[in-house]
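Asker: have a look; sequence and predicted model below, questions after that.
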Number of protein chains: 2
Amino acid sequence: MNIVDRIAPLVGPAHVLAGEAAAPWARDWTGAYRGEPLAVVRPGSTAEVAEVLRLAHDSRTPVVPASGRTGLTGATHAPGALVLSLDRMNRIRALKPGPRIVVAEAGVILDQLHQAADSVGLQFPLTFGAKGSAMIGGALSTNAGGSNVLRYGSAREQCLGLEVVLADGRVLDLMSELHKDNSGYALRHLFIGAEGSLGIITAAVLKLVPRPRATATAMVAVPSIPAALDLLARLREATGGAVEAFEYMPRSYIEAHLAHFPGAREPFEAPHTHNVMVEVGATAPRDAEPGPDGTVPVVALVEQVLADHMETGQVLDAVVARSESQRREMWARREAAAEITFLKPYFVDTDIAVPLDRLEDFLLTIRRRLAEVDPEATDFLVSHLGDGNIHYTAYPTRGDKAHLAQIRALVDDTAVSLGGSFSAEHGIGQSKLSAMRAHKDPVALEVMRSLKAALDPRGLLNPGKTVPPAGF
Amino acid sequence: MNIVDRIAPLVGPAHVLAGEAAAPWARDWTGAYRGEPLAVVRPGSTAEVAEVLRLAHDSRTPVVPASGRTGLTGATHAPGALVLSLDRMNRIRALKPGPRIVVAEAGVILDQLHQAADSVGLQFPLTFGAKGSAMIGGALSTNAGGSNVLRYGSAREQCLGLEVVLADGRVLDLMSELHKDNSGYALRHLFIGAEGSLGIITAAVLKLVPRPRATATAMVAVPSIPAALDLLARLREATGGAVEAFEYMPRSYIEAHLAHFPGAREPFEAPHTHNVMVEVGATAPRDAEPGPDGTVPVVALVEQVLADHMETGQVLDAVVARSESQRREMWARREAAAEITFLKPYFVDTDIAVPLDRLEDFLLTIRRRLAEVDPEATDFLVSHLGDGNIHYTAYPTRGDKAHLAQIRALVDDTAVSLGGSFSAEHGIGQSKLSAMRAHKDPVALEVMRSLKAALDPRGLLNPGKTVPPAGF
């Protein structure tokens, strides 16, 4: 009996898909990765996941975990493998407003988690463009970031406990609700960001935080990137660390946005080279309650900082949102990034990070190097500036594979040479394996391979992802 | 040639100690762990650490890393082993106020790091009683906590990058200064808290934070533990998360302090069962600059919350420090814990954590269970309440080993049965190996043993610590 026939009675035949029914899993949403899986299995519980993995282990069948499949790196590409979809494991097991904790299964959609937190007056801070489809299992497996990492950290920082099914079907119970727990190795950190290659996350204990009572959102033009970083430092200081978003958009971004969105408007009367969208979330009542004249204190605080910086020339222009619709317009401009990026026929999109004091160096260097190999190439970028995370996209004048690969290597190399990374918040999957090989400390790669061999000796979990094999 | 003679030329004969010269390393500061090491070697650089480990690996010599040796769990106990002391690796390699980063070697004393941060107007937030001797290598290796974890997190949360020498002498370079870096497995988290059993930390990239410009410090009497947690939630909300310390002291603590410190004073006119010391650190200028009447805004804010809670009976009495000397008196009361704990001839001191909504359950249950096995026993505790971390000490009426072990097991068991942990911030070392065996998820122990075998196949790094061997 083949593996698929043996799995069917475990999870119910309706939850094992093959052929036409499995077609959605045969390509990722970017269209870059295609290939038919052996079958798609959709277990409904941790026990079922364990049974499936035990069978796969015995029969040496490769298994690729998948949840919302909104990733950008081909991490759930599964030609010939068994796709283990966590989408039916979508229960919120517990919601505890007192200790501010939610216990969620891997298939809970990010938006669903936001709503659950909201229903008890709290917030699950992790958020990004794909929140309507992305699931918490995938968000943890890629250590996803997003637009308020600055204040709350990445997916890793939201997680107190994990439940993981290992390659051979053993269930690892790390479901702690504790803020302090030093009992042996910090195993949960090994599975977070491992893209399912060391074990499959089935549930997590997550922290909730107070919901902002008011926000101050502004578009700001600055004379330089260092001026932007100075402004960020000052805003964080003035608000006691309440800056949630600090998103950098150069003039080329504003222009692309204007060109592609008919209703889009210029952020300022005059065009500026360096533009930043700032949002401060006020969780303290004193910052949120409007004064007698209707002024919201957190807005006044941000305006004061902007006015101070304007006086010294460190801010050139600024618009503070006066209404929710003005705020939405600012966010829409920022969130258009994904769409704008992919409009041209060929492009090299990246997810790099550099130390904060090397941001300007990076931009100067990469533009010079890009011009050396393709003088007419243009670029485009948007950046979570406060995290040092730049989504830099180059548009070469031709789209042959070798040219695109050369430019990608240039971007990675420039970032790494400045102490940066070729992967900030999207992970490795398949698309960055060559960068891992080229740029990661060789001893780190050896250690990763040792860990993989220790936890998945048969090499069945998400094979060919995350860590490049030795000897290439 | 024996290993010691082979090491001497590598690090210089003056830096290899044996016999009388090694005597300080033959016992820990609590006196509980004694045993002569083979020798003490004090390398001066990462390259020397690598050479020493390579030799030890070839000759199958066990190696116990040590730095400030202020731990409480016997983690640096090294009878017959080579002690590798990091104390000569005490350089601050870089101090960068712009991106708020310090790069420190493992032998840098915590106090020294505080001073370095202070010299550029910033703060390294990790702090605890032993800060004058504890070194950053040990603090990371135990994932140390302390009194402001509430705001800033444990040692793990301060660390962006690590340099680690592996068992066979390979140097693992994870010295990233990035806030976002998803390039493969999160290796640094594996070494943090591993007590040197997977590799030896030689340097780290650490985050710095703004220094508080003013503080509001208060002693508060509350009617119950839930009332204390309500007060904490309210204070965190009102201050935007700026509560740095929230230290619980029951009446028995206050009495022990009064009895043992001649100059000590009652915190309030009347005695209260539940007492809390609160400190809020104001980093924002608007909270720190005194108004025309001399009032410091952060102090006024805390007073307002206390007044509100007094009106509803959720606070019974409160004293806000009016001067630095009053603040020092409050801290001295809290910091006397270590001294008071060890005054009686026998005791069972613990470091447990429970979920915040189980704190009261824990105290009720452990007192009932303690009375069942030793009706005349007394107890004493101090708690980082906001972290759910309780340093619970029982004073039995007799000191035989079996009785002490039984009571320790009761405390651990009570914590674990409420979803808690037997080790919150002190680590495992040797003293909690039996608790690991009794209470840790068996699959988690198996995974830890696999990781240990993968990274230290000869079992030479800090043997007999952290993870109990299989088959007991």
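Answerer: The structure has been received and is ready for your questions. Numbering: from 1, shown residues only, chains lettered A, B, ... in the order given.

Asker: domain map for chain A?
Answerer: Following automatic domain parsing, chain A resolves into domains at A:3-85, A:92-210, A:214-329, A:344-438.

Asker: for those, which one sits closest to B:Glu311?
Answerer: Relative to B:Glu311, the nearest member of those by CB to CB is domain A:214-329, separated by 16.4 Å. Glycine gets a C-beta too; all of them are placed from N, C-alpha and C.

Asker: buried deepest among the domains of chain A, which one?
Answerer: Counting by mean count of other CB atoms under 10 Å in any protein chain shown, domain A:92-210 has the highest mean neighbour count of these, with a mean of 22.

Asker: would A:Asp173 count as being in a helix?
Answerer: No - checked against DSSP: H, G, I helix; E, B strand; the rest coil, A:Asp173 lies outside a helix; its state is strand.

Asker: distance of it from chain B?
Answerer: The gap separating A:Asp173 from chain B is 5 Å, by CB to the nearest CB, to the nearest Å.

Asker: related to what we said a few turns ago, let me have the domains of chain A in TSV, adding mean pLDDT and distance to B:Ala32 as columns.
Answerer: Converted to TSV, the domains of chain A look like this (pLDDT from 0 to 100; distance: least, CB to CB, whole Å):
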stretch	mean pLDDT	distance to B:Ala32
domain A:3-85	95	41
domain A:92-210	96	19
domain A:214-329	96	41
domain A:344-438	95	44
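
Asker: among those domains, which is nearest B:Ile390?
Answerer: domain A:92-210 (10.3 Å).

Asker: give me the distance between the two termini of the closest one.
Answerer: 19 Å (CA to CA, to the nearest Å).

Asker: now do the same contact list for the residue lying closest to A:Ala26 once chain neighbours are set aside.
Answerer: Distance criterion CB to CB, 6 or more residues apart in numbering or on different chains; nearest residue to A:Ala26, sequence neighbours excluded, is A:Glu36 at 4.8 Å. Applying CB atoms under 8 Å, 6 or more residues apart in numbering or on different chains to A:Glu36 gives the contacts A:Ala22, A:Ala26, A:Pro79, A:Gly80.

Asker: ok, the nearest residue to A:Ser45 once chain neighbours are set aside to B:Arg334 distance?
Answerer: Residue nearest to A:Ser45 in three dimensions, not counting chain neighbours: A:Met89, with 7.0 Å by CB to CB, 6+ apart. According to CB to CB, to the nearest Å, A:Met89 stands 45 Å off from B:Arg334.

Asker: let me see the ranges of the helices in the stretch 351-472 of chain A.
Answerer: With DSSP state H, counting those that start in this stretch, the ranges of helices along the stretch 351-472 of chain A come out as A:359-373, A:401-417, A:433-439, A:442-455.

Asker: could those helices be laid out in TSV, adding distance to chain B?
Answerer: Rendered in TSV, the data for the helices of the stretch 351-472 of chain A read as follows (distance: least, CB to the nearest CB, whole Å):
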stretch	distance to chain B
helix A:359-373	10
helix A:401-417	10
helix A:433-439	6
helix A:442-455	4
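
Asker: make a markdown table from these and add distance to B:Asn143 to it.
Answerer: Shown next, in a markdown table, are those (distance: least, CB to CB, whole Å):
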| stretch | distance to B:Asn143 |
| --- | --- |
| helix A:359-373 | 31 |
| helix A:401-417 | 29 |
| helix A:433-439 | 27 |
| helix A:442-455 | 19 |
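
Asker: any idea which of those gets closest to B:Glu51?
Answerer: helix A:442-455 (15.8 Å).

Asker: identify each buried residue in the closest one, please.
Answerer: A:Val443, A:Ala444, A:Leu445, A:Val447, A:Met448, A:Ser450, A:Leu451, A:Lys452, A:Ala454, A:Leu455 (16 or more other CB atoms under 10 Å in any protein chain shown).

Asker: who wins for proximity to A:Val348 among the helices of the stretch 351-472 of chain A?
Answerer: Among these, the nearest to A:Val348 by CB to CB is helix A:401-417 (4.7 Å).

Asker: packing partners for that closest one?
Answerer: Helices and strands touching helix A:401-417, by 3 or more CB pairs under 8 Å, 6 or more residues apart in numbering or on different chains; DSSP states H and E, are strand A:348-349, strand A:352-353, helix A:359-373, strand A:389-395, helix A:433-439.

Asker: tell me what the second one is packed against?
Answerer: Applying 3+ CB pairs under 8 Å, 6+ apart, one finds that strand A:352-353 makes contact with strand A:389-395, helix A:401-417.

Asker: so what strands line up beside the shortest one?
Answerer: By that I understand strand A:389-395. Strand pairing for strand A:389-395, using DSSP bridges, gives strand A:348-349 (antiparallel), strand A:352-353 (antiparallel), strand A:378-384 (antiparallel).

Asker: now do the same end-to-end measure for stretch A:369-377.
Answerer: 11 Å.

Asker: does A:Leu126 touch A:Leu110 like I think?
Answerer: Yes - contact criterion CB atoms under 8 Å: A:Leu126 and A:Leu110 qualify, at 6.9 Å.

Asker: who touches both of the two?
Answerer: A:Ala139.

Asker: and the residue of the stretch 151-300 of chain A nearest chain B?
Answerer: The stretch 151-300 of chain A approaches chain B most closely through A:His189 (3.4 Å), counting by CB to the nearest CB.

Asker: look up phi and psi at the residue in chain A sticking out farthest from the centre.
Answerer: Distance to the chain centre peaks in chain A at A:Pro292, reaching 41.0 Å (criterion: CA atoms, centre = their mean). Backbone torsions of A:Pro292, given as degrees, to the nearest 10, read phi -60, psi -30.

Asker: please look at A:Leu113 and A:Glu105 and confirm they touch.
Answerer: No - taking CB under 8 Å as the definition, A:Leu113 is not a contact partner of A:Glu105, at 10.5 Å.

Asker: who touches both of those two?
Answerer: Common neighbours of A:Leu113 and A:Glu105 (CB under 8 Å, 6+ apart) are A:Ile92, A:Ile136.

Asker: bridging residues for A:Glu163?
Answerer: Counting by DSSP bridges, A:Glu163 is bridged to A:Asp173, A:Ala203.

Asker: same check on A:Gly281?
Answerer: Going by DSSP bridges, A:Gly281 forms beta bridges with A:Thr215.

Asker: nearest to chain B among the contacts of A:Glu36?
Answerer: Closest to chain B, out of all of these and judged by CB to the nearest CB, is A:Pro79, at 22.7 Å.

Asker: the closest one is in contact with A:Trp25, isn't it?
Answerer: No - A:Pro79 is beyond contact range of A:Trp25, at 10.4 Å (criterion: CB under 8 Å).

Asker: okay, and the common contacts of these two?
Answerer: By CB under 8 Å, 6+ apart, the residues touching both A:Pro79 and A:Trp25 are A:Pro37.

Asker: just to revisit the earlier point, let's have the strands paired with strand A:389-395 in CSV, adding distance to A:Pro463.
Answerer: What follows is the strands paired with strand A:389-395, written out as CSV (distance: least, CB to CB, whole Å):
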stretch, distance to A:Pro463
strand A:348-349, 25
strand A:352-353, 26
strand A:378-384, 32
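
Asker: for A:Asn275, which of those is the nearest?
Answerer: strand A:378-384 (10.2 Å).

Asker: which residues in the stretch 151-300 of chain A form strands?
Answerer: A:159-165, A:171-174, A:200-207, A:209-210, A:214-222, A:243-250, A:274-282 (DSSP state E, counting those that start in this stretch).
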